[in-house]
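Got a predicted model here, sequence first, then my questions.
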Amino acid sequence: MGKLKLGPLEDDKPVKISVELPAALHRDLLAYAEILGRETGQDVEPAKLVAPMVARFMATDRGFAKMRQGSRPRPAGSVPPKGE
């Protein structure tokens, strides 16, 4: 069996938002929840996958990380990363 990018879900205080998903994406989310549930032995609610998936996407987006780092003020005396 392949390795999923998500593992067991953390229990964290959520902030509620509402989104609309295309039907095909919703079906894929349901399938992912079922597979993850089988692999981890947990009952996985598909809606609970959205936050860790978005977090994983943002954590691995190098362009976002670079731009975000550039918008944060650096502590006094720190050396800027290469390329700045």
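Happy to help now that I have it. Residues are numbered from 1 along each chain as shown.

Where does D28 sit, in terms of helix or strand?
helix 23-40 (DSSP states H and E).

Buried residues, the next helix or strand after that helix. List them.
The helix or strand immediately downstream of helix 23-40 is helix 50-59, counting by DSSP H and E. Residues P52 are the ones in helix 50-59 that count as buried (16 or more other Cβ atoms under 10 Å). Bear in mind the C-beta positions are built from the backbone N, C-alpha and C, glycine included.

Dump the C-alpha coordinates for helix 50-59 into PDB.
Presented in PDB, the C-alpha positions along helix 50-59 are these (Å, rounded to 0.1, in the frame of the first residue of the first chain):
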ATOM      1  CA  VAL A  50      -9.400  19.900   4.800                       C
ATOM      2  CA  ALA A  51      -7.400  21.900   7.300                       C
ATOM      3  CA  PRO A  52      -4.400  19.500   7.500                       C
ATOM      4  CA  MET A  53      -4.400  19.200   3.700                       C
ATOM      5  CA  VAL A  54      -4.300  23.000   3.300                       C
ATOM      6  CA  ALA A  55      -1.600  23.200   6.000                       C
ATOM      7  CA  ARG A  56       0.500  20.600   4.200                       C
ATOM      8  CA  PHE A  57       0.100  22.300   0.900                       C
ATOM      9  CA  MET A  58       1.100  25.700   2.400                       C
ATOM     10  CA  ALA A  59       4.000  24.100   4.300                       C
END
